[in-house]
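S.K.: Next comes the sequence, and after it the predicted model I'd like to discuss.
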Amino acid sequence: MTGSEDQRPTPASVADLPNLAKALDDDRFRQFLDHVPFAVAVSELGQGERLVYGNIEFERLTGLHAEDLQGQQWNVLPSSPSVDGGGELAVALLENEEYLGVFSVRAPDAVRSVDAWSNTIVDDVGAPLFRLLALSERDRSDVEAALTQSLVEKDVLLKELQHRVKNNLQMITALIRMEARNAQRQEESERFGHLAGRIEALSILYRSLYGSNETETVDLGIYVSQIATSVMAVHAVEGIRLDMKVDTWLVSVNVAMPVGLVVNELMTNALKYAFAGRNGGEIKVRCTVDNDGCKILVSDDGVGLSNNADWPRRGKLSAMIVQSVKQNAHADIDVVSEPGSGVAVTITFKRENATAKED
């Protein structure tokens with residue numbers, strides 16, 4: 001029953017063998033199964049399904065000896081859930097037939113990746129008699145190649161998704177700015193402008209992540225400088241200068257995001273209100289890093305606040321953003337202002353509170 005090399009049995013072909021009930025009582029057939037190049041195990045159906053056979057390859061793959069299988073149920077199999085996120089092999093073979101998928105088998109000497117098939121053997125009148133399980137070990141190089149291909153495909157899909165999100169953010173920003181220009185009332189226009197600026201700050205952050213191999217960190221200095229440049233371009237006022245100096249430093253996205261939004265808020269407010277009735281002025285932006293941590297400074301030499309408590313105002317979105325900085329980076333925020341002397345807001349946080357945390 002050995003046949004030629006081209007006619008070697010496959011797991012699927014053994015599962016389709018007729019008259020398995022009779023064949024299992026034949027020692028010659030058992031010897032044949034003992035030497036097929038894949039694992040085979042058989043259970044007898046009926047009241048309380050029990051295993052009755054396992055071949056030599058099954059013993060090698062699973063570490064279970066044939067005599068230890070006798071009378072056991074399928075949950076004796078030392079397998080992990082399928083690699084595609086499905087259930088345990090012992091559950092899958094009871095619920096499905098034909099090809100079951102790829103599973104990890106935890107034998108005492110190694111963890112092996114196997115393809116699994118299951119089939120129910122019936123008698124001449126269709127009554128179920130046996131359940132057959134066939135396992136074929138995957139070559140490690142094949143497994144690694146499949147995993148690599150899967151990762152490549154997922155990476156392509158992720159980059160496509162990132163590209164679409166980036167484009168959508170830019171389109172949303174453009175639409176909001178268009179609505180702001182068409183707004184009938186000045187108050188409506190300002191609200192639209194503030195919203196567009198916040199979305200643009202997030203879009204810049206997303207572009208920073210999309211353009212690098214990092215997914216958890218962003219260069220805070222570069223991010224702050226990009227936001228400052230963007231705000232100046234959108235709300236440019238003749239005679240207003242930007243004095244900017246930044247140090248580069250990688251920080252957690254959860255820190256960079258609210259810091260960038262605060263910088264956007266402060267610069268937008270300064271360009272709109274700080275220099276009312278004046279011919280010019282200066283906005284200063286600093287991102288300085290030392291051994292202790294980082295300081296972000298946004299200041300202007302404009303008209304100033306009547307009261308330091310005027311920013312951020314309770315109940316406003318800017319107050320929520322400031323609170324996010326305090327929570328995510330354990331930051332201290334200092335607001336200094338006097339009428340006619342401008343506004344200076346300093347955000348200070350320690351180095352250990354700004355790095356990406358591992359799960």
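M.R.: Noted; the coordinates are in hand. Numbering: from 1, shown residues only.

S.K.: in this protein, which spans are strands?
M.R.: Under the criterion DSSP state E, the chain carries strands at the ranges 39-44, 50-54, 98-106, 111-122, 128-137, 217-219, 240-246, 250-252, 281-289, 293-300, 332-337, 343-350.

S.K.: In JSON lines, list these along with mean neighbour count and distance to Ala228.
M.R.: (Each C-beta comes from the backbone N, C-alpha and C, glycine too.) Converted to JSON lines, the strands of the chain look like this (neighbours: other CB atoms under 10 Å; distance: least, CB to CB, whole Å):
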{"stretch": "strand 39-44", "mean neighbour count": "23", "distance to Ala228": "65"}
{"stretch": "strand 50-54", "mean neighbour count": "20", "distance to Ala228": "70"}
{"stretch": "strand 98-106", "mean neighbour count": "17", "distance to Ala228": "52"}
{"stretch": "strand 111-122", "mean neighbour count": "19", "distance to Ala228": "52"}
{"stretch": "strand 128-137", "mean neighbour count": "20", "distance to Ala228": "59"}
{"stretch": "strand 217-219", "mean neighbour count": "21", "distance to Ala228": "14"}
{"stretch": "strand 240-246", "mean neighbour count": "15", "distance to Ala228": "6"}
{"stretch": "strand 250-252", "mean neighbour count": "21", "distance to Ala228": "17"}
{"stretch": "strand 281-289", "mean neighbour count": "19", "distance to Ala228": "5"}
{"stretch": "strand 293-300", "mean neighbour count": "22", "distance to Ala228": "8"}
{"stretch": "strand 332-337", "mean neighbour count": "16", "distance to Ala228": "18"}
{"stretch": "strand 343-350", "mean neighbour count": "20", "distance to Ala228": "14"}
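
S.K.: Could you provide those strands in JSON lines, with additional columns for distance to Ser324 and mean pLDDT?
M.R.: JSON lines is the format used below for those (distance: least, CB to CB, whole Å; pLDDT from 0 to 100):
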{"stretch": "strand 39-44", "distance to Ser324": "56", "mean pLDDT": "86"}
{"stretch": "strand 50-54", "distance to Ser324": "58", "mean pLDDT": "85"}
{"stretch": "strand 98-106", "distance to Ser324": "42", "mean pLDDT": "82"}
{"stretch": "strand 111-122", "distance to Ser324": "44", "mean pLDDT": "82"}
{"stretch": "strand 128-137", "distance to Ser324": "52", "mean pLDDT": "84"}
{"stretch": "strand 217-219", "distance to Ser324": "16", "mean pLDDT": "86"}
{"stretch": "strand 240-246", "distance to Ser324": "21", "mean pLDDT": "94"}
{"stretch": "strand 250-252", "distance to Ser324": "12", "mean pLDDT": "89"}
{"stretch": "strand 281-289", "distance to Ser324": "18", "mean pLDDT": "95"}
{"stretch": "strand 293-300", "distance to Ser324": "14", "mean pLDDT": "95"}
{"stretch": "strand 332-337", "distance to Ser324": "11", "mean pLDDT": "91"}
{"stretch": "strand 343-350", "distance to Ser324": "12", "mean pLDDT": "94"}
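
S.K.: Compare these and give me the one nearest Ile227.
M.R.: Distances from Ile227 to each of the strands of the chain were compared using CB to CB; the minimum, 8.9 Å, belongs to strand 281-289.

S.K.: and that closest one, C-alpha only, in CSV?
M.R.: What follows is the C-alpha trace of strand 281-289 in CSV, where atoms were taken according to Å, rounded to 0.1, in the frame of the first residue of the first chain:
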residue,chain,number,x,y,z
GLY,A,281,5.1,93.5,17.4
GLU,A,282,6.8,90.2,18.1
ILE,A,283,5.8,86.7,19.0
LYS,A,284,8.5,84.6,20.6
VAL,A,285,8.4,80.8,20.6
ARG,A,286,11.0,78.7,22.4
CYS,A,287,11.4,74.9,22.9
THR,A,288,14.5,74.4,25.1
VAL,A,289,15.6,71.0,26.4
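
S.K.: Could I get the full set of helices for the stretch 101-250 of the chain?
M.R.: Read by DSSP state H, counting those that start in this stretch, the stretch 101-250 of the chain holds these helices, from start to end of the chain: 140-182, 186-210, 220-234.

S.K.: Lowest average confidence across the ones you listed, which one?
M.R.: Sorting the helices of the stretch 101-250 of the chain by mean pLDDT places helix 140-182 lowest, at a mean of 58.

S.K.: Ile333 - nearest residue in space that isn't next to it in sequence?
M.R.: Leaving aside its sequence neighbours, Ile333 sits nearest to Ile347 (CB to CB, 6 or more residues apart in numbering; 5.4 Å).

S.K.: residues touching that neighbour, list them.
M.R.: Taking CB atoms under 8 Å, 6 or more residues apart in numbering as the definition of contact, the neighbours of Ile347 are Val259, Val262, Lys295, Ile296, Leu297, Val325, Ala331, Asp332, Ile333.

S.K.: One more: Asp247?
M.R.: By CB under 8 Å, 6+ apart, the residues touching Asp247 are Gly221, Cys287, Thr288, Val289, Cys294.

S.K.: Please parse the protein into its domains.
M.R.: As given by automatic domain parsing, the domain ranges for the chain are 5-138, 139-213, 217-359.

S.K.: Which one, of the strands of the chain, ends up nearest to Leu69?
M.R.: Smallest distance to Leu69 across these (CB to CB): 4.6 Å, for strand 50-54.

S.K.: what's in contact with the closest one?
M.R.: When contacts are defined by CB under 8 Å, 6+ apart, strand 50-54 is touched by residues 24, 30, 33, 39-44, 62, 64, 66, 69-74, 76, 130.

S.K.: Sheet partners, orientation included, of that strand?
M.R.: Using DSSP bridges, strand 50-54 pairs in its sheet with strand 39-44 (antiparallel).
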